[in-house]
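Novice: Would you be able to build a 3D model of this:
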Amino acid sequence: MTIINRLSLFLLLPAFLGASTVDLGTVSIESHKHHELEDRKVMKSSELAKESKGETLGDFLDKESFINSASYGPAVGRPVVKGMDGYRVGITQGNVILNDLSAMSQDHAVGLMPRASKQIELVKGSASLLYGSYSGGVIRVEGEEHQKTLLKEGVRANLNGAYGSNGSGTVAGGTLEVSEYNLSLMFDSYLHQADDYEAGGGLAVNDSDTKTLQNHLVLGWQINENNLLKVYGDWLSKDYGIPNHSKYETRINMEQERFGAVWHLSNAFDIFEHIQTEIQSSSYLHNETEGGSKDGLFGQEQQSISTLFGFDTGDWHHDLHLQYLQSTLEVCHEHGACDHFYDAVRTPVEDGISLTDYYNRTGIMFSHGHPMPNTAEQNVVTALSSKRYFDEDEIGFGLRLGLRAMDIDSDNIQEPWLVSEALIAGYYDPRQDSAISVTTDWMHYFDAQSSLQASLGYIERLASASELYWNGFHHATESYIIGDHTLNVENSINADMDYLTKYGSWSTQLSAYYYHFFNYIYQSPMADEDGNPLLDPFHNSPVWSMEQVGARIYGAALQQAYTHEMQKHRFDITLVLEMIRGEIISGGNIPRMPPLSASINLKHNYGEYTGSMTYKQVDESRFEAKNETSTEGYGWLSAMLSYESKMGATEYSLFLKGENLMDEEARNHLSFLKETAPLPGRQVSVGADIKF
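Specialist: Numbering: from 1, shown residues only. Coordinates of the predicted model:
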């Protein structure tokens, strides 16, 4: 048993000891909370689905401040938070990092359907350190298994569906809940299917279709007053096209399975308000084909055990998270040869002869075989978030310590493309890393109408296996990425500020942030001596290298809202202005940063009717990185009309909504495929939601 294994068992021991408590008794807890630090925004997935313009996680959240979607059509849309994407934005299912590869490359879809979840939390500041050390914060997706109570007794069902034009496709599914005495069952299933779409102006976007199906089952058992056990299973399949420049159809087919158990223990030892322990095992697999040729295969297995403790000491409330996680990543990436994982054949041929030859001639390690070795990781994490509430102030602190051991297995790489000892000594040696992050939060109430919240943190992020060891071509994004195994921990100083005030029917929110990165990890476009973009010798595609530089990302947003009620009518008007910049301190810009945007939303409620209209103006890109293509500005008009009513015990709602109603040609500056995958043109969809 490794040191990390022993340490993880020691850290998680208190959760298991809690099970031996016989007489937990009754605990009277006095609340010291006057308000709560606004470090979490909790949103019901069903409410987000009503106004979302698509079915990806990015679509569900892109109306939130400082959040954009790196979209590749209806199938792919990972959230970009405050201009940061990939490994700087954490996505968790409950307390466990989501097992997918969406952060590795933009064409990899997020491994969940947000519609099939219970709620989505945006977590920032000190509380975010409980789940990861991400500069962009954490997007926490919760299912029924993470709720602390058993389902309400009885039988309930929720059916919903929608049909739309031009790539919005068909959505169908629902949820069944059954609960009686101390047992419960929850099952939901959702399908989303869409054909190829047309961009604004009628441009056909081939290979932009998608089909996604997710099933989720939770069984609950209320063992006694203080013990609740929930067992769950989750199955996701997704098949979608990638609209790139290839003359052959490029597709990704992905599958994910999750199984686990969550044990909720209340009032343990008269100390812990709540203890939540989750054991999970998950399997992720996706293959990439081009013209039917099986060119890529990616598989990741993940097992974890985590315990979250909630308790009070004096006037302080604490949340302590202890976690052990292990994962293995296997990669195959070879034309027509990736229908399974395999070890490369070994002969007397000199290791890395082709790789060394290219390096000697060009100074760059071009390879065409498997682009990275298989890796195995073990992670042990201890994280603490503490808060105290005063009459006019609230303060919070966060601390996270992570230890990682990584083993690198190069047996999958063909001999000609191995990194030899002569080229880089110790390239495939095991490595051990650690990262520590600390944050502090402060909220001050000037009066009942105005408050100021500020956060200051030091964040360390360990470089991922793909950032360290990927050295090859991404067929879907048509880009060649060169990793760097010498990357250090990415660290930054992060400062955030939010000022809120309300006066009569008016409310204002001013938000600003400044993040200073000492060694920002990013993909930098490479150029030759004459400044021309460097192309790889195998596919004639742009070459990007992983680099680490000083950088700063900062932004500001102003939201002005007005509410007016007149008899049964309610009118809401909201204006939003948002600006984000990303700069390299030595000169230049960070690529794929969101352009300036401004929007106005008009909403009207009258009885069972709700109508809304939003116009968003996105500016042209103004601060491109070297060799980065520009995008033109565009306007986006969306509208929705809904009707909700009740007939006996049955609740139902009907809706009609449209996106890009002016049919503008719009390109997402955050996307690698902005040229071949513009945003969809005019879309109109209708749908219904029935609860009984």
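Novice: all helices of the chain, in order?
Specialist: 3-17, 45-51, 57-61, 125-128, 353-362, 465-469 (DSSP state H).
Novice: what's the least confident stretch among those?
Specialist: For those, mean pLDDT drops lowest on helix 3-17, to a mean of 39.
Novice: Quick one: low-confidence residue ranges for the chain.
Specialist: Within the chain, the segments meeting pLDDT under 70 span 1-38.
Novice: just checking, L98 touches V110?
Specialist: Yes - counting by Cβ atoms under 8 Å, V110 is a contact partner of L98 at 7.3 Å. (Glycine included, C-beta is placed from N, CA and C.)
Novice: Need the overlap of contacts for the two.
Specialist: Here L98 and V110 have I91 as joint contacts, going by Cβ atoms under 8 Å, 6 or more residues apart in numbering.
Novice: can you tell me which strand in this structure is longest?
Specialist: Criterion DSSP state E: the longest strand present in the chain is strand 543-566.
Novice: So P525 is in contact with P533, correct?
Specialist: Yes - at 6.3 Å, P525 and P533 qualify as touching, with contact defined as Cβ under 8 Å.
Novice: Overlap of the contact sets of those two?
Specialist: In contact with both P525 and P533: P542, V543, N627, using Cβ under 8 Å, 6+ apart.
Novice: Show the contacting residues for the last one.
Specialist: By Cβ under 8 Å, 6+ apart, the contact set of N627 is P525, A527, P533, P542.
Novice: Give the closest residue to the third one in space, chain neighbours not counted.
Specialist: Taking Cβ to Cβ, 6 or more residues apart in numbering as the measure, P533 lies nearest to N627, with 4.8 Å between them; neighbours along the chain are not counted.
Novice: do the same with the first one
Specialist: Excluding its sequence neighbours, the residue lying closest to P525 (Cβ to Cβ, 6+ apart) is N627, at 4.0 Å.
Novice: Mind listing the residues bridging to L308?
Specialist: L308 has these beta-bridge partners by DSSP bridges: Q276, H321.
Novice: I figured it hits F272, correct?
Specialist: No - judged on Cβ under 8 Å, L308 makes no contact with F272 at a distance of 10.1 Å.
Novice: Next up, the contacts around the residue most central in space within the chain.
Specialist: Centroid check for the chain by Cα atoms, centre = their mean gives I91 as the closest residue, at 3.8 Å. Going by Cβ under 8 Å, 6+ apart, I91 touches L57, P79, I97, L98, D100, S102, V110, V138, I139, V141.
Novice: do that again at 10 Å, thanks
Specialist: I91 sits next to 57, 78-79, 97-98, 100, 102-103, 110-112, 120, 131-132, 134, 138-141 when contact means Cβ atoms under 10 Å, 6 or more residues apart in numbering.
Novice: how far away is D447 from L500?
Specialist: Distance, D447 to L500, by Cβ to Cβ, to the nearest Å: 12 Å.
Novice: Looking at these two now, which is surrounded by more residues?
Specialist: L500 (18 against 8; other Cβ atoms under 10 Å).
Novice: Near the nearest residue to Q548 once chain neighbours are set aside, how many residues? Count them for me, please.
Specialist: Nearest non-adjacent residue to Q548, counting by Cβ to Cβ, 6+ apart: N519, 4.4 Å away. Neighbours of N519 under the rule other Cβ under 10 Å: 16.
Novice: Do I have it right that N519 meets N491?
Specialist: Yes - counting by Cβ atoms under 10 Å, N519 does reach N491; the two are 6.5 Å apart.
Novice: how long is stretch 472-485 from one end to the other?
Specialist: The straight-line separation of the ends of stretch 472-485 (Cα to Cα, to the nearest Å) is 14 Å.
Novice: which parts of that stretch are buried?
Specialist: By neighbour count on 16 or more other Cβ atoms under 10 Å, the buried set for stretch 472-485 is 472-485.
Novice: before we move on, what about stretch 497-506?
Specialist: Here stretch 497-506 shows D498, L500 as buried, counting by 16+ other Cβ under 10 Å.
Novice: Contacts for that stretch next, please.
Specialist: With contacts defined as Cβ under 10 Å, 6+ apart, stretch 497-506 is touched by 38, 65, 124, 443, 445-456, 507-514, 556-557, 559-565, 571-573.
Novice: Among those residues, which lie within strands?
Specialist: Using DSSP E, these in strands are 443, 445, 450-456, 507-514, 556-557, 559-565, 571-573.
Novice: quick one, phi psi at the most far-flung residue of the chain relative to its centre?
Specialist: In the chain, the residue that sits farthest from the middle, by Cα atoms, centre = their mean, is P348; the gap is 44.9 Å. Here is the backbone geometry of P348 (degrees, to the nearest 10): phi -70, psi 0.
Novice: hang on, the earlier thing: for ChimeraX, write the selection for the buried entries among the ones in strands among the contacts of stretch 497-506.
Specialist: Selection of the buried residues among those in ChimeraX, burial being defined by 16+ other Cβ under 10 Å:
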select :443,445,451,452,453,454,455,507,509,511,512,513,556,557,559,561,572
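Novice: Once you drop chain neighbours, what's closest to Q449?
Specialist: Per Cβ to Cβ, 6+ apart, closest to Q449 is K502, 4.6 Å.
Novice: so that neighbour bridges to which residues?
Specialist: In this structure, K502 bridges to S507 when assessed by DSSP bridges.
Novice: And for F517?
Specialist: S492, A551.
Novice: who's in contact with it?
Specialist: The neighbours of F517, taking Cβ under 10 Å, 6+ apart as the test, are 84, 88, 135, 459, 461, 490-494, 548-553, 582, 584-585, 590.
Novice: Kindly recompute the last result at 7 Å.
Specialist: E490, S492, G550, A551, R552 (Cβ atoms under 7 Å, 6 or more residues apart in numbering).
Novice: cool, D195 as well?
Specialist: Taking Cβ under 7 Å, 6+ apart as the test, what D195 contacts is G167, G169, D209.
Novice: Return the residues in contact with the last one.
Specialist: Put plainly, it is D209. A194, D195, D196, Y240, G241.
Novice: Likewise for L176?
Specialist: Contact analysis of L176 by Cβ under 7 Å, 6+ apart lists A157, F187.
Novice: Any figure for the gap between it and L654?
Specialist: On the measure of Cβ to Cβ, L176 and L654 end up 22 Å apart.
Novice: E608 now?
Specialist: Taking Cβ to Cβ, one finds E608 at 10 Å from L654.
Novice: tell me, what's touching those two both at once?
Specialist: Listed as contacting both E608 and L654 by Cβ under 7 Å, 6+ apart are Y643.
Novice: Next, find the distance separating the closest residue in space to H274 that isn't next to it in sequence from N494.
Specialist: Nearest residue to H274 in three dimensions, chain neighbours excluded: G310, at 4.4 Å (Cβ to Cβ, 6+ apart). Computed as Cβ to Cβ, the G310 to N494 distance reads 25 Å.
Novice: Could you do M365 as well?
Specialist: 34 Å.
Novice: Please identify which of those two sits among more neighbours.
Specialist: For M365 versus N494, neighbours defined as other Cβ under 10 Å are more numerous around N494 (23 against 18).
Novice: show me what contacts the more buried one?
Specialist: S135, G457, I459, Y515.
Novice: Next one: it relative to L534, how far apart?
Specialist: 33 Å.
Novice: Could you do F298 as well?
Specialist: Using Cβ to Cβ, F298 is found at 26 Å from L534.
Novice: More neighbours: these two, which one.
Specialist: F298 (24 against 18).
Novice: partner residues bridging the more buried one?
Specialist: Counting by DSSP bridges, F298 is bridged to H286, V331.
Novice: That one contacts S102, doesn't it?
Specialist: No - F298 lies out of contact with S102 (Cβ atoms under 7 Å); the separation is 11.2 Å.
Novice: Let me know the closest of the contacts of D195 to G658.
Specialist: Nearest to G658 among the contacts of D195, counting by Cβ to Cβ, is G167 at 13.2 Å.
Novice: which ones are touching that closest one?
Specialist: G73, P74, A194, D195, D196, Y197, S208, P680, Q683 are the contacts of G167 under Cβ under 7 Å, 6+ apart.
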